[in-house]
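Undergrad: Here's my sequence, what's the structure:
(one chain, ligands or ions: 1)
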Amino acid sequence: MFAGKKILVGICGGIAAYKICELVRELQRQGARIRTMLTPAATRFISPLTFASLTSAPAAVDLFAPSADDIEHIELAKWPDMIIITPATATTIAKCAHGLADNIVTATVLATRKPVMFIPAMNTGMWENPATANNVMRLHDFGYRVVEPEFGAMATRIEGAGAGRLPETETIISHVFQYQWPDKILDGVPLTITAGRTVEKIDPVRFISNHSTGRMGFAIANVAAAMGARVKLVHGPTHLRPPANVETFSVESARDMFEFTREHYPENGILIAAAAVADYRPLHYSCSKIKKQKDEFALPLIKNPDILLELKKLKNKSIHIGFALETNDVLANAAAKLSKKNLDFIVINNPVDEGAGFAFKTNKVKMLFPGGKILDFPLKDKLEVAAEILQNATRLLINKRATE
Ligand SMILES: Cc1cc2nc3c(=O)[nH]c(=O)nc-3n(C[C@H](O)[C@H](O)[C@H](O)COP(=O)(O)O)c2cc1C
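TA: The predicted model follows:
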């Protein structure tokens, strides 16, 4: 995700400082080169030695440390592709909002011309204080990105007290990923995506489902948000955390997924159906657990709504993209789906291909277009696959708008 990217992480004196170790590790796992700097207050919460050990590079702490070459904060300001300040404290936010440069972190932020993202964490009272709100507004005005803190449990142990909590590492990674995305080709475009599996209940303890984790759909939602789209993600049960800047709707059954997708249909935008929707559901739901019966047991099933087939009726200026997961007669089956559902293209993945399909972080896909054109891609990270899909969808949307 961040292969070759140089990221400078500035740690401030907040209780969430310990969580930044995990963030640094995760950024490194995703290919980033990390350097760190700490405010004097941050060193009261966590040792610079920890970050020096994690990054195999000195952690900068002293603005006035003697330096043989370039002055340290000037060198640090030039080095990265982007800077992350986290947990951004009320104090550091206030200082940066007013151009103070009194420690290694604030001096580097003031000196840099690189993109800077603040990820605050603090007590709700501090966050909601008009002074902080005003300072955050100033940071926005200066062109910095400030991530909204989350609601939830904080050090003070007052759950649900309000906003101020540092987002989970996965969410921060998604914010960083989207921030460093180079082009906003989908700026303001409505995009609705379905992802994951559906669950069709048989009785209170059993259900029909499949192995889909939602990874592919979530990756598309993440990249689409990075490209500037207004993303709505309708997803089935999953352990994945939703990407940043995406409106999510958590559903269970195919019928719910259909209803939500219809309700949030992307007029003049892009619809991507990446969910593995159950074709059938039990004809009858049993309110009590079905008891063991004879050796053979038949469960009558009834067809679920086909989301793309149903939404074909709404299709006017939007682009519709489907997914086909086939194990045999792959191209013929995908071509039949493409024309029956009036899709602009269909993404074919074969779960038998090594590293492709459910649960993997990679996928190997083909895109089939009306008229028979096929784009065949090698095994790629799902985020790269998502980018290919969205670039093709954007091209088609632009063409469609141009021919109106
Ligand atoms: C136990 C403890 C926890 C703190 N947690 C936070 C916090 O989460 N967010 C915050 O803005 N300040 C917090 N503070 C206050 C900061 O440490 C203080 O404002 C400090 O001056 C911040 O300096 P810095 O921004 O230069 O790191 C905390 C202080 C203490 C003693």
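Undergrad: quick one: which helix or strand includes residue 342?
TA: Element membership for residue 342 (DSSP states H and E) is empty, with no helix or strand holding it.
Undergrad: Quick one: residues contacting it.
TA: 312, 315, 320 (CB atoms under 8 Å, 6 or more residues apart in numbering). For every residue, glycine as well, the C-beta is placed using N, CA and C.
Undergrad: Check residue 234 too.
TA: 192-195, 248-249, 251, 257, 260-261, 264, 275.
Undergrad: Which helix or strand contains it?
TA: Using DSSP H and E, residue 234 falls in strand 230-235.
Undergrad: contact partners of the following helix or strand past that strand?
TA: Counting by DSSP H and E, the next helix or strand C-terminal to strand 230-235 is strand 246-250. In this structure, residues lying in contact with strand 246-250 by CB under 8 Å, 6+ apart are 221-222, 225, 230-237, 242, 260, 264.
Undergrad: strand partners of strand 246-250, parallel vs antiparallel please.
TA: strand 230-235 (parallel) (DSSP bridges).
Undergrad: Now the strand it pairs with: buried residues?
TA: 230-235 (16 or more other CB atoms under 10 Å).
Undergrad: can you check stretch 59-68 too?
TA: Within stretch 59-68, the residues scored as buried using 16+ other CB under 10 Å are 59-61, 63.
Undergrad: Then stretch 51-61?
TA: 51-52, 54-55, 59-61.
Undergrad: can you tell me which of these are in helices?
TA: Mapping the buried residues of stretch 51-61 onto helices (DSSP state H) picks out 51-52, 54-55.
Undergrad: of the residues you listed, closest to residue 146?
TA: Residue 146 lies nearest to residue 51 out of those, by CB to CB, at 22.7 Å.
Undergrad: can you list the weak-confidence ranges in the stretch 301-404 of the chain?
TA: Scanning the stretch 301-404 of the chain for pLDDT under 70 picks out 353-359.
Undergrad: about what we covered before: which of the buried residues of stretch 51-61 sits closest to residue 211?
TA: Using CB to CB, the buried residues of stretch 51-61 come closest to residue 211 at residue 54, 34.7 Å.
Undergrad: Give me the pLDDT value at the closest one.
TA: In the predicted model, residue 54 carries a pLDDT score of 98.
Undergrad: Can you tell me the strand partners of the lowest-mean-pLDDT helix or strand in the chain and which way each runs?
TA: One helix or strand of the chain scores below all others by mean pLDDT, DSSP states H and E: strand 362-363, with a mean of 85. Paired strands of strand 362-363, with direction, are strand 380-381 (antiparallel) (DSSP bridges).
Undergrad: Can you name the next helix or strand after the partner strand?
TA: Beyond strand 380-381 in the direction of the C-terminus, DSSP H and E gives the next helix or strand as helix 382-402.
Undergrad: okay, now residue 259: neighbour count?
TA: If you count neighbours by other CB atoms under 10 Å, residue 259 ends up with 16.
Undergrad: before we move on, back to that, from the contacts of residue 234, which ones fall inside strands?
TA: Those of the contacts of residue 234 mapping onto strands are 192-195, 248-249, per DSSP state E.
Undergrad: which residues touch residue 189?
TA: Taking CB under 8 Å, 6+ apart, one finds 228-230, 266, 269-270, 394, 397 in contact with residue 189.
Undergrad: swap that for residue 107, please
TA: 63, 73, 101.
Undergrad: Find the nearest non-adjacent residue to the first one, please.
TA: Right, residue 63. Excluding its sequence neighbours, the residue lying closest to residue 63 (CB to CB, 6 or more residues apart in numbering) is residue 104, at 4.7 Å.
Undergrad: For the residue of the chain most remote from its centre, give its distance to residue 208.
TA: In terms of distance from the mean C-alpha position of the chain, residue 294 ranks first, at 47.5 Å (CA atoms, centre = their mean). Going from residue 294 to residue 208 by CB to CB, to the nearest Å gives 21 Å.
Undergrad: Name the nearest residue to the spatially most central residue of the chain, ignoring sequence neighbours.
TA: Note on the chain: the residue nearest the mean C-alpha position is residue 243, at 2.4 Å, using CA atoms, centre = their mean. Distances taken as CB to CB, 6+ apart place residue 222 nearest to residue 243, at 3.7 Å, with adjacent residues excluded.
Undergrad: Confirm the one you found sits in a strand?
TA: No. Assessed with DSSP: H, G, I helix; E, B strand; the rest coil, residue 222 is helix; it does not lie in a strand.
Undergrad: can you give me the strands for the stretch 1-150 of the chain?
TA: Secondary structure of the stretch 1-150 of the chain (DSSP state E, counting those that start in this stretch): strands located at 6-11, 33-38, 82-88, 116-120, 145-146, 150-151.
Undergrad: With the stretch 301-404 of the chain instead?
TA: With DSSP E, counting those that start in this stretch as the criterion, the stretch 301-404 of the chain has strands spanning 301-303, 319-325, 345-349, 362-363, 365-368, 374-376, 380-381.
Undergrad: what does the model give the closest residue to the ligand within the stretch 201-350 of the chain for pLDDT?
TA: Using CB to the nearest ligand atom, residue 244 is the residue of the stretch 201-350 of the chain that sits closest to the ligand, at 20.6 Å. The model reports residue 244 with a pLDDT of 96.
Undergrad: wait, isn't it in contact with residue 178?
TA: Yes. Assessed by CB atoms under 8 Å, residue 244 is found in contact with residue 178 at 6.0 Å.
Undergrad: who touches both of the two?
TA: With CB under 8 Å, 6+ apart as the test, residue 244 and residue 178 both reach 222, 225.
Undergrad: So the closest residue to residue 341 other than its chain neighbours versus residue 346, what's the distance?
TA: Of all residues not flanking residue 341 in the chain, residue 308 sits nearest, at 4.3 Å (CB to CB, 6+ apart). In this view, residue 308 and residue 346 are 10 Å apart by CB to CB.
Undergrad: again, but for residue 146
TA: 40 Å.
Undergrad: Same drill for those two, tell me which one is more crowded.
TA: Shown here are residue 146 and residue 346; by other CB under 10 Å, residue 346 has more neighbours (26 against 19).
Undergrad: hang on, residue 192 packs against residue 232?
TA: Yes. Counting by CB under 8 Å, residue 192 touches residue 232, with 4.6 Å between them.
Undergrad: Now the common contact residues for those two.
TA: 264, 266.
Undergrad: Who are the contact partners of the residue lying closest to residue 37 once chain neighbours are set aside?
TA: Among residues not flanking residue 37 along the chain, residue 60 sits closest, at 4.0 Å (CB to CB, 6+ apart). Taking CB under 8 Å, 6+ apart, we find residue 60 in contact with 35-38, 72-73, 76, 104, 108.
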